[in-house]
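[1] Okay, here's the prediction I keep looking at, along with the sequence it came from:
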Amino acid sequence: MGADMKNLRTRIRSVDSTLHLTKAMGLVASSKIRRATEKAVASRRYADALLDAMAVLTADGEVAKSPYMQVRDTSRTRLIVIAGDRGLAGGYNANVFRLVRELGEAVYYPIGKRACERFGGEFASSEHVSYEQAHEWAEAMCRDFENEEFDRLGIVWTRFDSMMTQTATVDWVLPLTKAENAPARTVEFEPDAATVLTHAVCEYVAGLLTARLRESFASEVAARRMAMDSAGKNAQEMIDDLQLKYNRARQGAITQEITEIVAGSGME
């Protein structure tokens, strides 16, 4: 009986320590949520504006021969994979990696510690990548695509649907494609649409990548907050259950001691 009570006390202390850890991580995530979601919303509006602008450009017949509009064999794929810098975020990282597996063979350019650990490469924080850094990567990608060193470029990221839901998805960035419902041309391009497209494509890739990074980070923070809330609730339930078992064991031990004392007194 004494050994059981000792084991229960040890487990209660262990789970309580875990509870404090989950609460601390939940508080850290909570402190980042507001700013991260504000950046994600602003970045989404920026990404939508970029997509609208490119839809207008790619709808122009003059750009059809641009190297960025040429659809080639998709056997040489490059994927920019955005994952988290840390774990303990529910299925956030796992969902990203599951989608990557489904996309088939590719050359990976990971962003985030977890992605770098999985695919190799120099670590770059998914939270702190600047637009300037994203622009450098975009320039390299656009140059390689124009030189036909690969056939298509995708960005694997996580869409922030709500605090409860985040969805791993992929944007196929290069080659550019004409939108099915392309808007009617309402602008004149100088000197011509093809030249504007050539100069705009790098800004487009960099801007879209930055936006997807911001939204992915908001998704990671939200997923971690929900995971820590769930873990904290489960830990508290475990503590309550263990405490109940401990109290019953203690009551049983006291009852046994009283019984032994009464039995001993009767023998006298």
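    The structure has been received and is ready for your questions.

[2] shouldn't Y246 be in contact with R9?
    Yes - Y246 is within contact range of R9, at 6.7 Å (criterion: C-beta atoms under 8 Å). To be clear about C-beta, it is placed using only N, CA and C from the backbone, and glycine gets the same treatment.

[3] Tell me which of the two has more neighbours.
    The neighbour comparison of Y246 against R9 (other C-beta atoms under 10 Å) goes to Y246, with 18 against 15.

[4] Show me what whatever helix or strand E237 lives in is packed up against.
    Using DSSP states H and E, E237 sits in helix 193-267. In terms of contacts (3 or more C-beta pairs under 8 Å, 6 or more residues apart in numbering; DSSP states H and E), helix 193-267 is packed against helix 2-58, strand 77-82, helix 92-102, helix 131-146, strand 152-160, strand 166-174.

[5] Which one, of those, ends up nearest to T255?
    helix 2-58 (13.5 Å; C-beta to C-beta).

[6] Just give me how far that closest one sits from the chain centre.
    Taking C-alpha atoms, centre = their mean, to the nearest Å, the mean C-alpha location of helix 2-58 is offset from the chain mean by 10 Å.

[7] related to what we said a few turns ago, of all the helices and strands packed on helix 193-267, which lies closest to M228?
    Of the helices and strands packed on helix 193-267, nearest to M228 by C-beta to C-beta is helix 2-58, at 3.6 Å.

[8] Show the secondary-structure elements that that closest one is packed against.
    Helix 2-58 packs on helix 193-267, going by 3+ C-beta pairs under 8 Å, 6+ apart.

[9] can you give me the angle the helix it packs on makes with strand 152-160?
    Angle of helix 193-267 versus strand 152-160, following axes from the mean of the first three to the mean of the last three C-alpha atoms, to 10 degrees, is 40 degrees.

[10] picking up where we left off before, which stretch in the helices and strands packed on helix 193-267 is the model least sure about?
    Least confident of those, judged by mean pLDDT, is helix 2-58 with a mean of 78.

[11] Report the angle between it and strand 166-174.
    30 degrees.

[12] quick one on the thing from earlier: format the helices and strands packed on helix 193-267 as JSON lines; extra columns: distance to F123.
    Formatted as JSON lines, the helices and strands packed on helix 193-267 follow (distance: least, C-beta to C-beta, whole Å):
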{"stretch": "helix 2-58", "distance to F123": "20"}
{"stretch": "strand 77-82", "distance to F123": "13"}
{"stretch": "helix 92-102", "distance to F123": "15"}
{"stretch": "helix 131-146", "distance to F123": "13"}
{"stretch": "strand 152-160", "distance to F123": "17"}
{"stretch": "strand 166-174", "distance to F123": "21"}
